[in-house]
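Undergrad: predicted model follows, preceded by the sequence.
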Amino acid sequence: MPKLNVPPTKSSLLALKRQLAFAEEGYDLLDQKRQILVFELMSRLDRAQEAEGRVEQALRRAYDALGEAVLDIGSAALDCAALAVRLDHRVMLAPQPLMGLHVPHVQARLDASGPQFGVSTTSANTDVAMQRFVEVLPLLAELAELENAVIRLARELRKTQRRCNALSKLFIPAHLETIAYITGSLEERERESFVILKMIRERYGGAGHDPRPDPPSQ
């Protein structure tokens, strides 16, 4: 890991130590966030798979009833009857905060209207098919909410993981190596200064002797 291009001074050492402490604290927070995101993601993945199974089962029942209705009155008559249906179904979206994300809460609001088909032109299976397709809508809303949450959580998890990797594999190691280099350089300077001072003292007869030359005689 290449060290940072900073001068090996005490001020640089103090600044690097402050940056390192801040980076390590940030990494701990990001790692905690990453673990929570993983938990939330896996939880919603399991729920999404269960919701998908319920949707498939409900759609299968709805299409079975639709097939029976087609056998009863024919596809052309069923298409004409469907054009007369007037239902005011709505999809409601509400913000739902999650780990700094805005995951929408999806809710299908169904129109509680009465019968839509005439008795003489359709069969009972036509009403059953319509009712079963209507019953699928809340399940689809739940599945849409869970899948949207999974996508957003996975995207946020990748972003958090990249930041964790940048801190743990680049920023923190570079600062540690630079701090070690500057610390070693400063210690080496102190040793050199000590050796030089010791040599001066030995040369001029001890610490109490003034190493400066005597002034010229008058």
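TA: Happy to help now that I have it. Residues are numbered from 1 along each chain as shown.

Undergrad: need the pLDDT of T126.
TA: Per-residue confidence at T126 stands at 80 (pLDDT).

Undergrad: wait, it touches C80, no?
TA: No - taking contacts as Cβ atoms under 8 Å, T126 lies outside contact range of C80: 11.2 Å. Where C-beta positions appear, they are placed from N, C-alpha and C, glycine not excepted.

Undergrad: so how far is the longest helix along the chain off the chain centroid?
TA: When the chain is parsed with DSSP state H, its longest helix is helix 10-73. The chain centroid and the centroid of helix 10-73 are separated by 9 Å, computed with Cα atoms, centre = their mean, to the nearest Å.

Undergrad: more neighbours: which of T126 and C80?
TA: A direct count of neighbours by other Cβ atoms under 10 Å for T126 and C80 places T126 higher, at 24 against 13.

Undergrad: ok, back up a step: what helices or strands is the longest helix of the chain leaning on?
TA: Counting contacts by 3 or more Cβ pairs under 8 Å, 6 or more residues apart in numbering; DSSP states H and E, helix 10-73 is packed against helix 75-83, helix 124-166, helix 172-203.

Undergrad: okay, the angle between it and helix 124-166?
TA: Interaxial angle, helix 10-73 versus helix 124-166 (axes from the mean of the first three to the mean of the last three Cα atoms, to 10 degrees): 170 degrees.

Undergrad: so, low pLDDT: which residues of this protein?
TA: Segments of the chain classed as low confidence (criterion: pLDDT under 70) are 1, 84, 112-122, 205-218.

Undergrad: in it, which residue is closest to the centre?
TA: Residue closest to the mean C-alpha point of the chain, counted by Cα atoms, centre = their mean, is E156 at 2.1 Å.

Undergrad: count of neighbours near G67?
TA: As a burial measure, the neighbour count of G67 was computed by other Cβ under 10 Å and equals 12.
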